[in-house]
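J.: Could you work out the structure for the sequence below:
(2 chains)
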Amino acid sequence: MHALLEEFLDKWVWPTMPGAPGADFRLKISRDKCIKGWEINLARTLGDIEEELKTNDEAWKKAHALRGYAAEGVHMSIKQMSGQLLSVDIADQEKYIDLQRMRARQIWDECKHSKLHADVLLGKGWIKDERELMEIAEANEQPLPAYFGLSMMLPHIHPLARAAQNYYTEANACIGIMAYLSLVDDPLVRHEHLSQQDEELMHFMEGKFQLDFYCTDEESQRHVEDVLGYLTYQIGGIAENAPKVRA
Amino acid sequence: MLKVDHDRCTECRMCYIVCRELDINAVYVALEPLHRIEIDPDACTYPGCTACLMYCPAAGSIVEIETGRSMVPPPPEAWQS
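T.: Numbers count the residues shown, from 1 in each chain, chains lettered A, B, ... in the order given. Here you go, the predicted structure:
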């Protein structure tokens, strides 16, 4: 296992509140499903960064910042988080109020993301002000599903599957940040990632907390396993985790 | 006793949520203009409970008042129910 992933697991995944009713299940899915996906994503991210650094120019930083602005900005956030806020049935809203808070917080987070990408573009002198980005196509569209863009394909999943999505996907974000910080010297790129580090960890912790405290019955655990199968298949490419099609 | 180091805390409120979930309710949102998170030493059961440390993403933002040490999650064997 890569040292960065090992560090992440030791600091954030394995520490567990004794007595938390869903913790054993969370640890099990971490071992059985998540780690494999996290490993694949980390290897892919490290490989991408190494390729980018080989080019010895800054074009990739500009491309990243523009793509990031489109993928993690206000547009994406408002559309996707508002959809996800409604994914908890009205009758369940009181029961899962913290999940609602999680999504609401994410709107704020994603808006900060776009500012950080804009900081790179401003700091490098590639744009004079953020308004310019409105005229740049690359800052307004991108070909890949964003972290949570993917989730809009399954907008009505079980509330705890949504928590599992945060747990798995935000861990990938955390590990990706660790990868960038381990390889990239550029102070602006480092600032962007450092500024986002606690935020991604907070989202991961929200998922961890939801699973530890609420994911205690077979039905919700089945939903969590299903969504992790989907996510690790879609993001990690792990075929054995491909979701089964129900009749 | 524990307190929040506001230079490190990101105000994500995970400690507040966890403390409330356990019905300890020691972590509260202060009635001051910034509405920052604080810990009520009279309600906090530390070291009997360290749940806030388990879910805090900003390492070192919860501090032991007596020693000034910033805290990290303790090992499971240190947990007291």
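J.: Double-check residue A:58 against residue A:123; I have them as touching.
T.: No - using C-beta atoms under 8 Å, residue A:58 is not in contact with residue A:123, being 11.3 Å away. Bear in mind the C-beta positions are built from the backbone N, C-alpha and C, glycine included.
J.: Helix, strand, or coil at the residue nearest the centre of chain B?
T.: In chain B, the centroid-proximal residue (C-alpha atoms, centre = their mean) is residue B:52; its distance is 4.7 Å. Recorded secondary structure, residue B:52: helix (DSSP: H, G, I helix; E, B strand; the rest coil).
J.: how about it, what does it touch?
T.: B:2, B:14-15, B:18-19, B:27, B:39, B:62 (C-beta atoms under 8 Å, 6 or more residues apart in numbering or on different chains).
J.: Just the buried ones from the residues you listed?
T.: Buried members of the contacts of residue B:52, scored by 16 or more other C-beta atoms under 10 Å in any protein chain shown, are B:2, B:14-15, B:18-19, B:27, B:39, B:62.
J.: what's the most distant pair in the residues you listed?
T.: B:2 and B:14 (14.4 Å; C-beta to C-beta).
J.: what's near enough to touch residue A:207?
T.: A:102, A:163-168, A:170.
J.: Of all pairs in those residues, which one is the farthest apart?
T.: A:102 and A:168 (14.1 Å).
J.: Report how many residues lie close to residue A:183.
T.: By other C-beta atoms under 10 Å in any protein chain shown, the residues close to residue A:183 number 14.
J.: Equivalent analysis for residue A:115, please.
T.: Around residue A:115 there are 15 residues (other C-beta under 10 Å).
J.: And the helices in chain A?
T.: Taking DSSP state H as the criterion, chain A carries its helices at A:3-8, A:23-29, A:35-54, A:59-71, A:74-85, A:97-123, A:159-183, A:187-214, A:218-234.
J.: Mind putting these into CSV with distance to residue A:141 and mean pLDDT?
T.: Shown next, in CSV, are these (distance: least, C-beta to C-beta, whole Å; pLDDT from 0 to 100):
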stretch, distance to residue A:141, mean pLDDT
helix A:3-8, 31, 96
helix A:23-29, 34, 96
helix A:35-54, 20, 94
helix A:59-71, 6, 88
helix A:74-85, 10, 69
helix A:97-123, 14, 80
helix A:159-183, 21, 93
helix A:187-214, 21, 92
helix A:218-234, 20, 89
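J.: who wins for proximity to residue A:91 among those helices?
T.: helix A:159-183 (11.5 Å).
J.: Residue A:50 and chain B, how far apart?
T.: Distance of residue A:50 to chain B, given as C-beta to the nearest C-beta, to the nearest Å: 28 Å.
J.: if we can go back for a sec, out of the buried ones among the contacts of residue B:52, who's nearest chain A?
T.: Distance to chain A across the buried ones among the contacts of residue B:52 (C-beta to the nearest C-beta) is lowest for residue B:14, with 5.3 Å.
J.: Please name the nearest non-neighbouring residue to the closest one.
T.: Of all residues not flanking residue B:14 in the chain, residue B:55 sits nearest, at 4.6 Å (C-beta to C-beta, 6 or more residues apart in numbering or on different chains).
J.: surely that neighbour meets residue B:18?
T.: Yes - counting by C-beta under 8 Å, residue B:55 sits close enough to residue B:18 to count as a contact (5.0 Å).
J.: Need the overlap of contacts for those two.
T.: With C-beta under 8 Å, 6+ apart as the test, residue B:55 and residue B:18 both reach residue A:209.
J.: can you tell if stretch A:158-167 touches chain B?
T.: No - contact of stretch A:158-167 with chain B is not found when judged by C-beta under 8 Å from any C-beta of the partner chain; the minimum separation is 12.0 Å.
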